[in-house]
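> Below: sequence and its predicted model.
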Amino acid sequence: MDWKIKKAQKGLKGELRVPPDKSISHRAVMFSSIARGKCRIDNFLFGEDCMRTYEAFLAMGVSITRKHNAVVVKGDGLKGLKAPAGALYMGNSGTSMRIMSGILAGQDFATELTGDESLSKRPMGRIVEPLRSMGANIETAGDGRPPIKIAPAGGPLKAVTYNTPVASAQVKSCVLSAGLYADGTTALTEPFQSRNHTEKMLEYFSAEIEREGLTTRVTGGKELVPKDLSVPGDVSSAAFFIVGALLVEGSNLVLRGVGLNPTRTGLISVLKRMGAKIDILDLRGESEPSGDLRALYSPLEGTIVKPSEIPLLIDEIPVLIIAAVTASSPTEIQGISELRVKESDRVRSMTENLSKLGVEMMEKGDSLIIYGGKKTFTSAVLDSFGDHRIAMSMAVASLISDDGCTIRDTDCVNTSYPDFPGHLAKVS
């Protein structure tokens with residue numbers, strides 16, 4: 001399916017609720033499935049990615065029922081999963097494949113995880129290495145990519161102390177999940193702070209977990225105790241509307257119930273540094289903070305984004321680039337290597353699309369230089385590259401194009417935000 005996105009004439013206005021948080025929805029199903037007891041997950045994201053996690057645990061014998069926008073999960077404990085009848089298909093979901101590998105490494109049955117064409121190109125060596133050091137029996141294709149085959153380890157996994165070379169919430173979550181099945185305390189240290197949804201949810205479910213600086217420790221063998229929870233709105237989905245409002249004159253947009261975990265709000269911090277008028281109207285929440293946001297049209301200035309900030313806004317960099325193109329001075333985004341191993345090579349995807357819009361970026365080592373000063377874009381036919389965040393970023397760019405843009409191959413947006421075009425039309 002293609003989108004035709006019109007130029008926004010009068011700003012983005014009104015109120016909107018973005019979809020539930022994808023990262024939290026995944027983890028809620030995963031950890032409640034291996035907890036002992038019943039958990040109700042309100043405001044669950046029924047997008048394609050999260051449904052891969054949902055269906056995988058159904059295939060492993062977990063009782064999961066849908067009730068309107070909620071799911072009720074009844075887990076039988078850390079060892080309550082059963083062998084699936086066949087391979088578990090993860091679709092396009094790297095989160096499903098990487099975190100579930102940690103859980104499955106501790107099981108007494110064999111499993112195979114497969115994915116679509118895009119996921120099958122993504123590197124899995126970064127989780128295989130620490131899992132093998134814990135005694136996991138795990139194999140990938142010859143180049144370290146999916147499918148992943150996991151056989152029983154023959155006993156408890158070994159607790160390890162692991163320093164991960166990349167600040168990745170998926171790698172961290174994989175190791176901590178495996179640590180639940182380890183004999184002793186597993187410690188993971190990352191170079192920079194990444195998303196902490198896994199640590200917070202494990203703590204909420206009464207795991208024996210400690211956090212000290214950049215190191216997280218989990219002690220294995222303790223059963224999880226589930227509690228009901230409500231998933232906040234996804235700040236990564238809100239990002240497209242925040243940037244759209246900042247760029248289109250006359251905008252005054254309120255986004256309700258957005259997740260505001262500090263390890264996910266890096267984009268908001270960077271945009272405010274650039275001069276963005278973004279206000280948090282209130283802050284609430286138990287296991288995860290959330291609140292309402294107001295974004296107003298704002299002329300922006302360029303900035304430098306340091307490598308330590310990248311894990312806190314990794315999914316929002318494509319739309320941050322759109323904002324940076326309009327800034328009055330150059331922006332430099334440092335530490336971009338992780339952009340190349342997402343749903344697409346996002347450096348290449350953004351470079352090719354921006355060239356069609358009359359914009360150039362320059363790579364300088366492991367940095368991107370965006371020169372800024374562009375207030376409108378040339379109308380063009382753009383490509384999603386099968387990447388939901390590229391598709392939605394190009395839709396934001398279309399709002400300030402000469403006469404709108406066409407974006408090709410947008411079915412990929414169903415992984416996280418099926419209603420995106422309708423929501424964009426509602427407020428613009």
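Arrived safely, thanks for sending.
> For this structure, which segments are assigned as helices?
22-33, 48-59, 94-104, 125-133, 169-179, 197-204, 235-247, 266-273, 317-325, 346-356, 388-398, 420-427 (DSSP state H).
> which residue packs closest to the residue of the chain most remote from its centre, ignoring adjacent ones?
What lies farthest from the middle of the chain is Gly154; by C-alpha atoms, centre = their mean that is 33.0 Å. Distances taken as C-beta to C-beta, 6 or more residues apart in numbering place Asn137 nearest to Gly154, at 7.5 Å, with adjacent residues excluded. Every C-beta, even on glycine, is put in place using the N, C-alpha and C of the backbone.
> Can you give me the neighbour number for that neighbour?
Look at Asn137: counted by other C-beta atoms under 10 Å, it has 14 neighbours.
> What's opposite it in the beta bridge?
Judged by DSSP bridges, the bridge partners of Asn137 are Ala151.
> For Ala151, see how far away it is.
Distance of Asn137 to Ala151, given as C-beta to C-beta, to the nearest Å: 4 Å.
> and what of Glu316?
Distance from Glu316 to Ala151, by C-beta to C-beta: 38 Å.
> tally of neighbours for Lys342?
Neighbours of Lys342 using other C-beta under 10 Å come to 20.
> check contacts around the residue lying closest to it once chain neighbours are set aside.
Leaving aside its sequence neighbours, Lys342 sits nearest to Asp387 (C-beta to C-beta, 6+ apart; 7.0 Å). Residues near Asp387 by C-beta atoms under 8 Å, 6 or more residues apart in numbering: Ser118, Lys342, Glu343, Ser344, Arg346, Ser349, Cys412.
> ranking the residues you listed by neighbours, who comes first?
Most surrounded of the contacts of Asp387: other C-beta under 10 Å gives Ser349, at 26 neighbours.
> distance of that residue from Lys172?
For Ser349, the distance to Lys172 - C-beta to C-beta - is 26 Å.
> And for Leu368?
Using C-beta to C-beta, we find Leu368 at a distance of 25 Å from Lys172.
> what's the answer for Ile407, then?
33 Å.
> Do I have it right that Pro421 meets Ala395?
Yes: using C-beta atoms under 8 Å, Pro421 is in contact with Ala395, at 7.4 Å.
> Need the residues touching each of the two.
Trp3, Ile5.
> which one of those two has more residues nearby?
Set Pro421 next to Ala395 and count neighbours by other C-beta under 10 Å: Ala395 wins out with 25 against 19.
> List the residues that contact the more buried one.
Trp3, Ile5, Phe240, Ile407, Phe420, Pro421, Leu424.
> try Lys79
Lys79 neighbours (C-beta under 8 Å, 6+ apart): Gln107, Asp108.
> and if you look at Gly102?
Listed by C-beta under 8 Å, 6+ apart, the contact set of Gly102 reads Ile127, Leu131, Ser173, Cys174, Val175, Leu176, Ser177, Ala178, Gly179.
> can you list the weak-confidence ranges in the stretch 201-350 of the chain?
286 (pLDDT under 70).
> Could you pull out the strands in it for me?
Assigned by DSSP state E, counting those that start in this stretch, the stretch 201-350 of the chain shows strands spanning 209-212, 215-219, 229-230, 252-259, 277-284, 290-296, 304-305, 331-334.
> Could you report the distance from Gln107 to Thr53?
16 Å.
> My error: substitute Val128 in the last question.
20 Å.
> Which residue of the two possesses the greater neighbour count?
Thr53 (26 against 20).
> can you tell me which residues contact that one?
Neighbour list for Thr53: Ser25, His26, Val29, Met30, Ser93, Thr95, Ser96, Met100 [criterion: C-beta under 8 Å, 6+ apart].
> isn't Ile310 right up against Ala167?
Yes: if you go by C-beta under 8 Å, Ile310 and Ala167 touch, sitting 7.4 Å apart.
> Need the overlap of contacts for these two.
Counting by C-beta under 8 Å, 6+ apart, the shared contacts of Ile310 and Ala167 are Phe192.
> Poorly predicted segments of the stretch 51-200 of the chain, please.
For the stretch 51-200 of the chain, no range has pLDDT under 70.
> before we move on, the earlier item: ok, so of the contacts of Asp387, who is nearest Leu255?
Cys412 (22.7 Å; C-beta to C-beta).
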